[in-house]
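> Got a predicted structure here, sequence first:
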Amino acid sequence: MRNLVMTVIGPDRPGLVEELSATVTGHDGNWLESRMSHLSGHFAGLLRVECPEENCAALLEALQGLENLTVEVSEERVVETNRQKIIAFDVVGNDRPGIIQELSSAIVRVGGNVEELVSNLESAPHAGHPVFRATGSVAVAADFDEDGLVTALEALSPDLAVSLES
């Protein structure tokens, strides 16, 4: 069996996920995990599939043949790491250019690795202007000091509200 990690992007349409899953199943593949989203009229997906070695070439050819989709495939990488703890975070504040770069830099500076990140703009309650929100998770060493992460994120701007959950 081979584990494949794929990115899939193209114009969104009804039945697209069903078409992807039917293609995987039709080649004896097993859909292990995925993250999918609708972004500005496009479908964007990241998925991990397990497939028998003898069916991989045909699966990849079938996926590449799906209408109006770009499919990129990589082999799964197993990475040894000393990170043993996952911390969930939620950050809310006024939007501005560069906020994701600032957020990710602060996480790296304190020794974390972004495992998952979802960001969007929301309408501020009672004001209506856009507010930035990022949620996700950070992998850290088992003895990591969470207060250091909160301090680093809050130092980015006085208007940021930060909450963590381990």
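Nice, thanks for sending it over. Residues are numbered from 1 along each chain as shown.
> in the chain, what residue sits furthest out from the centroid?
Within the chain, the residue lying farthest from the chain centre (C-alpha atoms, centre = their mean) is residue 126, at 30.3 Å.
> any idea which helix or strand carries it?
Under DSSP states H and E, no helix or strand contains residue 126.
> And for residue 8?
Element membership for residue 8 (DSSP H and E) is strand 2-11.
> elements contacting whichever helix or strand comes after that strand?
Proceeding N to C from strand 2-11, the next assigned helix or strand is helix 16-26, under DSSP H and E. Here helix 16-26 touches strand 30-39, strand 42-51, helix 56-64, going by 3 or more C-beta pairs under 8 Å, 6 or more residues apart in numbering; DSSP states H and E. Bear in mind the C-beta positions are built from the backbone N, C-alpha and C, glycine included.
> how about low-confidence regions in the chain?
Scanning the chain for pLDDT under 70 picks out 79-83.
> Compute the number of surrounding residues for residue 108.
Neighbourhood size, residue 108 [other C-beta atoms under 10 Å]: 13.
> That one - that's part of a strand, no?
No. Judged by DSSP: H, G, I helix; E, B strand; the rest coil, residue 108 forms no part of a strand; its state is helix.
> Use 15 as the first number for this chain going forward.
All set: I'll call the first residue 15, so the last point we hit is now residue 122.
> Distance-wise, check it relative to residue 71.
Here the criterion is C-beta to C-beta, to the nearest Å. By it, residue 122 lies 38 Å from residue 71.
> can I see the domain layout of this structure?
Here the domain assignment for the chain is 16-89, 99-179, based on automatic domain parsing.
> from the chain's centre, how far out does the strand holding residue 22 sit?
Averaging C-alpha positions (C-alpha atoms, centre = their mean, to the nearest Å) puts strand 16-25 13 Å from its chain's average.
> Can you dump the C-alpha atoms of it in CSV for me?
Extracted in CSV, the C-alpha atoms of strand 16-25 (Å, rounded to 0.1, in the frame of the first residue of the first chain):
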residue,chain,number,x,y,z
ARG,A,16,1.1,3.5,-0.7
ASN,A,17,0.0,6.7,1.0
LEU,A,18,-0.5,9.7,-1.2
VAL,A,19,-1.0,13.3,-0.2
MET,A,20,-2.9,15.3,-2.8
THR,A,21,-3.9,18.9,-3.4
VAL,A,22,-6.9,19.4,-5.6
ILE,A,23,-8.1,22.8,-6.9
GLY,A,24,-10.6,23.9,-9.5
PRO,A,25,-13.9,25.6,-10.1
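> Before I go, just wanted to say thanks for your time.
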